[in-house]
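> Kindly generate the corresponding structure for this input.
(one chain, ligands or ions: 1)
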Amino acid sequence: MTNNELITALNNALAWELRAIAMYAHYAAYVSGIHRLHLATHFNTEVTESVTHAATVRSAIVKLDGEAITERDPTPIVHTSNYQEMLQEAYATESKAAATYGSILPLVEAIGDTELFDALEVVYFDEQRSVEELRMMLKD
Ligand SMILES: [Fe+2]
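Purely as a prediction, here's the structure:
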């Protein structure tokens, strides 16, 4: 395994974080109905979390002497003002993010950088918590 493989994987994760920032900011602006009261705040919190995750991943790429991408993942962001649809989209996004970090961790372990592993494991746990949180929010 070369660092290039890991840098590519990290750039993929970064692209998803940049997309998550755009998605949550969009949904915070458009969420309507009574649930706007708490979901707008929740989505804005997710924007902040995604910015933090993106910063962690970017730092990792810098540490590995790679070049961090600046474009978001091109997967379309569904436009809606319906909170159920938003939560479905958020669930899909967080599941994708959790899977992405899950596949990155073994690559980081392989290069033996424990500091980097620790930093990215924290992000992985955040994503897993988000998936579980959304699963509960989507329940009747
Ligand atoms: Fe994230």
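
> got a list of what residue 56 touches?
Contacts for residue 56 (Cβ atoms under 8 Å, 6 or more residues apart in numbering) come out as 119, 120, 122, 123. C-beta coordinates here come from the backbone N, C-alpha and C atoms, glycine included.

> if we go to 6 Å?
The contact partners of residue 56, by Cβ atoms under 6 Å, 6 or more residues apart in numbering, come to 119, 123.

> Please report the distance of it from residue 29.
Plainly put, residue 56 is 26 Å away from residue 29 if you go by Cβ to Cβ, to the nearest Å.

> and what of residue 4?
For residue 4, the distance to residue 29 equals 38 Å [Cβ to Cβ].

> go on, residue 11?
28 Å.

> before we move on, what about residue 113?
From residue 113 across to residue 29, the span is 38 Å (Cβ to Cβ).

> Give me the spatial nearest neighbour of residue 103, chain neighbours excluded.
residue 9 (6.8 Å; Cβ to Cβ, 6 or more residues apart in numbering).

> that older thread, more crowded one of residue 113 and residue 29?
residue 113 (16 against 11; other Cβ atoms under 10 Å).

> can you tell me the average pLDDT over the one helix or strand residue 61 maps to?
Using DSSP states H and E, the element containing residue 61 is helix 36-63. Model confidence over helix 36-63, given as mean pLDDT, is 98.

> The next helix-or-strand element following it vs helix 36-63, what angle?
Sequence order places helix 83-111 as the next helix or strand after helix 36-63, per DSSP H and E. The directions of helix 83-111 and helix 36-63 differ by 20 degrees, with axes from the mean of the first three to the mean of the last three Cα atoms, to 10 degrees as the criterion.
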